[in-house]
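**Q** Need the 3D shape of this:
(2 chains)
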Number of protein chains: 2
Amino acid sequence: MDNLFADRVADVPRSFIREILKVAFDPSVISFAGGLPNRDLFPVRELKEAAIKAFDTDACDMLQYRSSEGHLGLRRTIAERYVRRYGLDVRPENVLITSGSQQGMDLLGKVLLNEGDEVIIEQPSYLGAIQVLSGYRAVFHPVPVTEEGVDLPALQQILVRHKPKLMYGVPNFQNPAGISYSLENRRRLAAILQETSTIFVEDDPYSELRFAGTPKPPLKQLMPDSTVLLGSFSKIVAPGFRVGWLVAPDRMMEKLVIAKQAADLHSSSVSQYVIHQYLMDNDIDKHIREIVAVYGRLRQAMLDRMQEYFPRNVHTTRPEGGMFLWVSLPEHASATALFDLAIRDRVAFVPGDPFYVRHAGPVNTLRLSFSCVSEEMIDVGIRRLGDCIRKLIGRE
Amino acid sequence: MDNLFADRVADVPRSFIREILKVAFDPSVISFAGGLPNRDLFPVRELKEAAIKAFDTDACDMLQYRSSEGHLGLRRTIAERYVRRYGLDVRPENVLITSGSQQGMDLLGKVLLNEGDEVIIEQPSYLGAIQVLSGYRAVFHPVPVTEEGVDLPALQQILVRHKPKLMYGVPNFQNPAGISYSLENRRRLAAILQETSTIFVEDDPYSELRFAGTPKPPLKQLMPDSTVLLGSFSKIVAPGFRVGWLVAPDRMMEKLVIAKQAADLHSSSVSQYVIHQYLMDNDIDKHIREIVAVYGRLRQAMLDRMQEYFPRNVHTTRPEGGMFLWVSLPEHASATALFDLAIRDRVAFVPGDPFYVRHAGPVNTLRLSFSCVSEEMIDVGIRRLGDCIRKLIGRE
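**A** Alright, predicted model coming up:
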């Protein structure tokens, strides 16, 4: 029994968030804990029509084994969208369809990482990335991110002493902290990384969900040959299809396609055909504007209520898009202790701890999601949370 | 550039079959090369109705993020089917939904194999298994399989000297050779393996496609605590959904679920809900009988035409189910040379070579698939192939 499992799975953290979400699913709890897109915004009618049309036109192609690279029409649509949105030079041959961007990370780990290879990761960072890269026994070098972006002096210090194989980052409206890299930060980051052989993994599921500020160029544009860009339909159409993609330089595509073939032959072609049909028949930009309007309103409500109900010495990020914001309590106040207080008052959130590699972060941070709550729930929930914070840190 | 890729991907063979399939897709070629189920048998109308119903009843659940284990109703249906068909003690908690059984193998490799761990594999064996296990840098010990099943003395010789972590086998109508393990062979195999700590990976995509002989008990029944059973809807409904499953002992489930979560969070829930709805509303056993009737007729036609057109000293397996049969030419005749002759006559097949680990098999074997051809094509194709064999080996 002791020797049953491979060493690599000993290192993979169990998702702590799963346990919290169990509490948060209690309908009497106002939950800012989830990380889900708002289901009321799924384009159900349009997707059903797309499914019917896919069955009526391409059924046998859709239902048969397909190529590991993915549906060519869908890869073309994705490539054209990058050209149109950013003038990014993306060809369909550089797009690999994956089962969500989570699989994109898994394939990159498989193709790039030997045991002990070094990886730079944002801190705090997306939990799914920490989990999957841990499975490849990467040695993490966390680098802080602030509301400006990556802490570049800290990055340079790491690069003086180490030769990281890759760097993982979410430059737009990051999960968990809601922060984005500024234009200047992107330029300097690219200049620094281009002096090295480090591959930048640009995980970008949220960039289309911008409700304030101006769009920034993808890192893929600033360092095309050393960036792998990950994207997904999960936040802009629906996650249940599990359709994401990666855009990689030519020199990496063959190995990635072989890894994809070994992993699952190909992603659900039923999912791929239905999404493709949906994109052909609908204006996705219009749909995204509807999502953005809702999330933008909810984020503003959350910031306003925090202003009203939180003590002055509590800091929060002011995300320009996405689904999350990040709260910092006074230095020694424990977010886990706050969680225990809050859950008694029927409010849930995720303490910041699991978003740090080796749980080595500050104790005073927490993530709030505003994507799946109403303005009324925000009003009640943030007021209760403010009361709990006061209880925790004592009166101002 | 030299150090860009992980060592593990250096070992993964590129699928040689892909290159052959390119030739075989030429519509003027009679192809026995493919490994696809027959698309004319996909239950398109029923699946379309199931998709509509899934959108009408569960749309938002189906489209949202779901659990890594998979759709509970589907896992229940799969478990109940094992109970009904074999009296197998399978509970839904032991069923993990995967993206085809290919992903089941990938997850098992990830969870069980350290670099250099030893793996027993049938020879010849399923190419997808060789490919994915190579990626975990397994050391293979090939064991021959005959029309009786596993060569048990050869297996015992391996077990005297080695401690394999797992053994991979396809006990029913194996791809590529179409052979099955006899009842006696299964019993003795189970008795031998149960003296060891080796996990048996029972890949079973074809067992329902039986057109002759009597059903045999799964190895999972004979050694439940040390067998992981892999199944799939690809051959009995349609592959494009990429819905398969694994059935594992309790002690392995947690690690497998964490690995699944890290790999892709979960399989397409659109695929899972549509398949589940299809199974609720239709008699899948009736549908399978229709597939079996067609494949059984085509296999018989192929055997009959071989009897008629092939030289006497060519041997072929007589599969009791599935989609493949296996031809052995006289000892020194090269199947690759035959391929070159046959393709000029517009007939394609797959030479046996890639189905052997390190391509170390005999030169004289080849795989023929009868699932996607008509009786007329079989008549013409087998006659041409017989002529080519005569040309290759000289007149009898």
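**Q** where along chain A do the strands fall?
**A** A:30-31, A:95-98, A:118-123, A:139-146, A:149-150, A:166-169, A:199-203, A:227-232, A:244-247, A:315-316, A:324-328, A:347-348, A:350-351, A:365-369 (DSSP state E).
**Q** Quick one: those strands as a markdown table, columns for distance to chain B, mean pLDDT and mean neighbour count too.
**A** Where C-beta positions appear, they are placed from N, C-alpha and C, glycine not excepted. As requested, those are exported to a markdown table (distance: least, C-beta to the nearest C-beta, whole Å; pLDDT from 0 to 100; neighbours: other C-beta atoms under 10 Å in any protein chain shown):
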| stretch | distance to chain B | mean pLDDT | mean neighbour count |
| --- | --- | --- | --- |
| strand A:30-31 | 14 | 94 | 24 |
| strand A:95-98 | 8 | 98 | 27 |
| strand A:118-123 | 12 | 97 | 24 |
| strand A:139-146 | 14 | 96 | 18 |
| strand A:149-150 | 23 | 98 | 23 |
| strand A:166-169 | 10 | 98 | 26 |
| strand A:199-203 | 8 | 98 | 26 |
| strand A:227-232 | 11 | 98 | 25 |
| strand A:244-247 | 9 | 98 | 26 |
| strand A:315-316 | 26 | 97 | 16 |
| strand A:324-328 | 15 | 97 | 22 |
| strand A:347-348 | 17 | 94 | 24 |
| strand A:350-351 | 15 | 93 | 25 |
| strand A:365-369 | 13 | 97 | 25 |
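**Q** A:His276: which of those strands is closest?
**A** strand A:95-98 (10.1 Å; C-beta to C-beta).
**Q** Neighbouring strands - and their directions - for the closest one?
**A** strand A:244-247 (antiparallel) (DSSP bridges).
**Q** Could the C-alpha coordinates of the strand it pairs with be exported in CSV?
**A** Taking Å, rounded to 0.1, in the frame of the first residue of the first chain, the C-alpha atoms of strand A:244-247 are listed here in CSV:
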residue,chain,number,x,y,z
GLY,A,244,-10.7,26.2,-23.9
TRP,A,245,-7.6,26.6,-26.1
LEU,A,246,-3.9,27.4,-26.1
VAL,A,247,-1.9,29.4,-28.6
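**Q** what's in contact with it?
**A** Here strand A:244-247 makes contact (C-beta atoms under 8 Å, 6 or more residues apart in numbering or on different chains) with A:70, A:75, A:78-79, A:82, A:90, A:94-104, A:107-108, A:205, A:220, A:228-234, A:256.
**Q** thinking again about what came up before, among the strands of chain A, which is nearest B:Pro43?
**A** Closest among the strands of chain A, using C-beta to C-beta: strand A:95-98, at 25.3 Å.
**Q** And the helices in the stretch 201-350 of chain A?
**A** Under the criterion DSSP state H, counting those that start in this stretch, helices of the stretch 201-350 of chain A are mapped to A:219-222, A:250-264, A:269-281, A:284-309, A:335-344.
**Q** Equivalent analysis for the stretch 51-200 of chain A, please.
**A** With DSSP H, counting those that start in this stretch, the ranges of helices along the stretch 51-200 of chain A come out as A:72-86, A:100-112, A:127-134, A:152-161, A:183-193.
**Q** quick revisit: and of the strands of chain A, who's closest to A:Tyr181?
**A** For A:Tyr181, the closest of the strands of chain A is strand A:149-150, at 3.2 Å, according to C-beta to C-beta.
**Q** in its sheet, what does the closest one sit against?
**A** With DSSP bridges as the test, strand A:149-150 pairs up with strand A:139-146 (antiparallel).
**Q** can you give me the angle the strand it pairs with makes with helix A:127-134?
**A** Computed by axes from the mean of the first three to the mean of the last three C-alpha atoms, to 10 degrees, the angle separating strand A:139-146 from helix A:127-134 equals 160 degrees.
**Q** Using CSV, list the CA coordinates for strand A:139-146.
**A** Coordinates of each C-alpha in strand A:139-146 appear next as CSV, following Å, rounded to 0.1, in the frame of the first residue of the first chain:
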residue,chain,number,x,y,z
VAL,A,139,10.0,24.1,-7.6
PHE,A,140,8.0,27.3,-7.2
HIS,A,141,9.5,30.8,-6.9
PRO,A,142,6.6,33.0,-5.9
VAL,A,143,6.7,36.7,-7.0
PRO,A,144,4.4,39.2,-5.5
VAL,A,145,1.8,41.0,-7.7
THR,A,146,0.3,44.3,-6.7
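**Q** Much appreciated, bye for now.
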